[in-house]
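S.K.: Show me the folded form of this:
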Amino acid sequence: MDKTTASSSTSTSAQLTSLTALVKDVMDELKSQRTDLRELPIIKGIVSELTVTTQDMATSVQQLALDISAMSTRCSSLEAANLSLVARCQTLEEHNTALVQRVDSLEERLSRDPELSSDDGTALKAQVEHLMQRNLDTQIVVTGLLSAPDVTVERTIELLARSLGIVTKSGDVVDAFRLPPKAGGAPPLIIRFATIFIRDSWIAQKKKKPVLLASDIDASLPGSRVYLNERLSSVKHKLLVDTRAYVKPHRHLRVWTRHGSIYVRKDGATTSLKIEHRDDFAKIPI
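M.R.: The predicted structure follows:
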């Protein structure tokens, strides 16, 4: 073998060795990548779970933002309603204060002026009674409705309104409280409304449901009958009781009140008679 051939053979051998080493490195790399590829499904699953979790978090954040916006709007609305209610309460308080002052003034005149004739005294008493009744004209008295345990007066009014099919608005009810109960009875519930028109709408709705049971209002209460009427002054209330007692033997006679006045009627074809004092009993068509 000549020198040229030997040199060429040596070069080729070196190239083969280098190529073999390169191939070996490539094979090792492929084996390493093959191992990584076997882990791809696991990685893909983790990425998928992270994607779903991220989307859920984004949805929750969006819903939270909407809830915060709705709460902000609601708070603004409540604040405006509260300011309106405060203003209306102040107006009503001023009105009631003026009425009380007028009543006090008239009562003082009645007690101090010995020169008042009997007719003048009667007229003044009638005026005092009129003012006292006007002060009650936005109120109703609810009887037969017991207090359910852990139920506030406000919640009781909501349940009562719902049972009558009434939708109340903010500011409709100005005040509510219970009077001391009679022996064995439910404490009467007094509700004072912003206007006489709201009061009348409640009475009108009750007339559409003549029989209303406490259990209809709150399932936890007994089935006692619930009555809803105008609130009368003590003088008017006594006259109403006396009128009902007078006509009780005559079942064809109907007695009712409207805007603080008492009426009696024989039937739908007769004219209503306004009862202003006991002397009017003689005019009742029996």
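
S.K.: show me the contacts for Val235.
M.R.: Under the criterion of C-beta atoms under 8 Å, 6 or more residues apart in numbering, the neighbours of Val235 are Glu129, Met132. For glycine as for every other residue, the C-beta is placed from the backbone atoms N, C-alpha and C.

S.K.: buried residues in the helix or strand in which it is found?
M.R.: Val235 belongs to helix 234-247 when assigned by DSSP states H and E. Neighbour-count burial for helix 234-247 flags Lys236, Leu239, Leu240, Thr243, Tyr246, Val247 (criterion: 16 or more other C-beta atoms under 10 Å).

S.K.: Can you tell me which of the residues you listed is nearest Ser220?
M.R.: Leu240 (32.1 Å; C-beta to C-beta).

S.K.: and the closest residue to that closest one other than its chain neighbours, what does it touch?
M.R.: Closest residue to Leu240 apart from its sequence neighbours, by C-beta to C-beta, 6 or more residues apart in numbering: Ile262 at 5.4 Å. Contact analysis of Ile262 by C-beta under 8 Å, 6+ apart lists Lys236, Leu239, Leu240, Thr243, Val255, Trp256, Lys274, Ile275, Glu276.

S.K.: In CSV, list the residues you listed along with distance to Val174 and pLDDT.
M.R.: Listed next are the contacts of Ile262 as CSV, based on distance: C-beta to C-beta, whole Å; pLDDT from 0 to 100:
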residue, distance to Val174, pLDDT
Lys236, 21, 89
Leu239, 27, 92
Leu240, 24, 93
Thr243, 30, 92
Val255, 29, 90
Trp256, 25, 88
Lys274, 29, 91
Ile275, 29, 90
Glu276, 29, 89
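
S.K.: Would you point out the most distant pair within those residues?
M.R.: Using C-beta to C-beta, the contacts of Ile262 reach their maximum pairwise distance at Trp256 and Glu276, which is 14.9 Å.

S.K.: how about low-confidence regions in the stretch 51-200 of the chain?
M.R.: 106-107, 110-122, 124 (pLDDT under 70).

S.K.: from memory Ile157 sits against Asp172, does it?
M.R.: No. Using C-beta atoms under 8 Å, Ile157 is not in contact with Asp172; the gap is 9.6 Å.

S.K.: Centroid-nearest residue for the protein?
M.R.: Centroid check for the chain by C-alpha atoms, centre = their mean gives Glu158 as the closest residue, at 5.2 Å.

S.K.: what's near enough to touch that residue?
M.R.: Thr168.

S.K.: Domains of the protein: list them as residue ranges, please.
M.R.: For the chain, automatic domain parsing gives the domain ranges 1-28, 63-132, 138-231, 232-286.

S.K.: Out of those domains, which gets nearest to Ser48?
M.R.: It is, among the domains of the chain and with distance given as C-beta to C-beta, domain 63-132, at 22.8 Å.

S.K.: mind listing the helices for this structure?
M.R.: Along the chain, the stretches classed as helices by DSSP state H are 3-38, 40-112, 118-134, 153-163, 196-207, 214-217, 234-247.

S.K.: which helices and strands sit right next to the shortest one?
M.R.: The contact analysis (3 or more C-beta pairs under 8 Å, 6 or more residues apart in numbering; DSSP states H and E) places helix 214-217 against helix 153-163.

S.K.: Can you check what angle separates the helix it packs on from helix 196-207?
M.R.: Helix 153-163 runs at 60 degrees relative to helix 196-207, counting by axes from the mean of the first three to the mean of the last three C-alpha atoms, to 10 degrees.
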